[in-house]
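[1] predicted model and sequence follow; I will ask about them next.
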Amino acid sequence: MKDKNIARLRRARKTRIRIAGQGKPRLCVFRSGRHIYAQIIDDAKGRVLTQASSVEKETRSVHGLGNDVAAAAAIGERVAQKALAIGIKEVAFDRSGYRYHGRVKALAEAAREGGLSF
């Protein structure tokens, strides 16, 4: 299990190096066994601009735990709404070394449908 996580972090590091040169904020995804988190980060300033997660009270009341595709899609829509509210329309997608499949894919597609472009 440890080797699997180390390999994921290595993939994530390579992706972040490639994304860093684009000059756009990045939509970073983290998934655990129980929840999914999404943050929009400005790497130039080193600040989180907005975030959404399945731990939030509004999301938990509707979807329960965030370990399914429906909850991930809700988080994607929510982070897109928050980003558009602060004027962010274009981001770079950072999947943090996870495969573009399942919950990560659902979050990304919902964020695109919510108005973000990447």
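    Cool, got the structure.
[2] quick one: contacts of the helix or strand of the chain with the lowest mean pLDDT?
    Lowest on mean pLDDT, DSSP states H and E among the helices and strands of the chain sits helix 57-63, with a mean of 81. The contact list for helix 57-63, computed with Cβ atoms under 8 Å, 6 or more residues apart in numbering, reads Ala52, Ser53, Ser54, Gly66, Ala70, Ala71, Ala74, Ile75, Arg78. Backbone N, C-alpha and C define where each C-beta goes, glycine included.
[3] lowest-confidence entry in those?
    Among the contacts of helix 57-63, Gly66 carries the lowest pLDDT, at 77.
[4] pull the distance from the biggest helix by length in the chain to the chain's centre.
    Counting by DSSP state H, the longest helix found in the chain is helix 2-20. Chain-centre distance of helix 2-20: 15 Å, with Cα atoms, centre = their mean, to the nearest Å.
[5] what residues of stretch 31-45 count as buried?
    For stretch 31-45, the neighbour count (16 or more other Cβ atoms under 10 Å) marks Arg31, His35, Ile36, Tyr37, Ala38, Gln39, Ile40, Ile41, Asp43 as buried.
[6] helices of the chain, start to end?
    Using DSSP H, helices in the chain cover 2-20, 57-63, 69-85, 103-113.
[7] okay, the first one in CSV with CA atoms only?
    Backbone C-alpha positions of helix 2-20 (Å, rounded to 0.1, in the frame of the first residue of the first chain) are rendered in CSV as follows:
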residue,chain,number,x,y,z
LYS,A,2,2.9,2.4,0.8
ASP,A,3,4.5,1.8,-2.6
LYS,A,4,1.2,2.5,-4.3
ASN,A,5,0.8,5.9,-2.6
ILE,A,6,4.5,6.8,-3.3
ALA,A,7,3.9,6.1,-7.0
ARG,A,8,0.8,8.2,-7.0
LEU,A,9,2.7,11.1,-5.3
ARG,A,10,5.5,10.8,-7.9
ARG,A,11,2.9,11.0,-10.7
ALA,A,12,1.3,14.0,-9.0
ARG,A,13,4.6,15.8,-8.7
LYS,A,14,5.3,15.4,-12.4
THR,A,15,1.8,16.7,-13.3
ARG,A,16,2.2,19.7,-11.0
ILE,A,17,5.5,20.7,-12.6
ARG,A,18,3.9,20.6,-16.0
ILE,A,19,0.9,22.6,-14.8
ALA,A,20,3.0,25.3,-13.0
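[8] sounds good, over and out.
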